[in-house]
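> Provide a 3D model corresponding to the input given below.
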Amino acid sequence: MSDSVDVKEKNRRQDDRFKIIRHIGVLSSGRKCRTEFNIAKWGDYPEKYDIRDFVSTFDGTVPTKRGRTFTKDELKALYEILKGMF
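Sure thing, here's the model as predicted:
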């Protein structure tokens, strides 16, 4: 099996585990990339708030890049921090 097939298989398996439950909004958008805020689920783990970059590819798929997930309590703490900044 070639390296490219291994990478495609790995990406397919990761995509099968990641599911967007609810799209909340787009934080930023560029020509080839957008940063989204969603409620997502990874495999059998509980739903979490998710901020992640999505990159458009030539074949129309939108694979995910590395992102950051937050529990409800973590998101509340982040909100309090940001509220104090602005």
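
> doesn't residue 20 make contact with residue 37?
No: applying C-beta atoms under 8 Å, one finds residue 37 not in contact with residue 20, separated by 10.6 Å. All C-beta atoms are positioned from the backbone trio N, CA, C, and that covers glycine.

> list residues touching both of the two?
residue 50 (C-beta atoms under 8 Å, 6 or more residues apart in numbering).

> which elements pack onto the helix or strand harbouring residue 73?
Taking DSSP states H and E as the criterion, residue 73 maps to helix 72-85. Helix 72-85 is packed against strand 48-55, with contacts defined by 3 or more C-beta pairs under 8 Å, 6 or more residues apart in numbering; DSSP states H and E.

> any idea of the angle the helix or strand that comes right after the strand it packs on forms with helix 72-85?
Toward the C-terminus, strand 48-55 is succeeded by strand 64-70 as the next helix or strand (DSSP H and E). Counting by axes from the mean of the first three to the mean of the last three C-alpha atoms, to 10 degrees, strand 64-70 lies at 90 degrees to helix 72-85.
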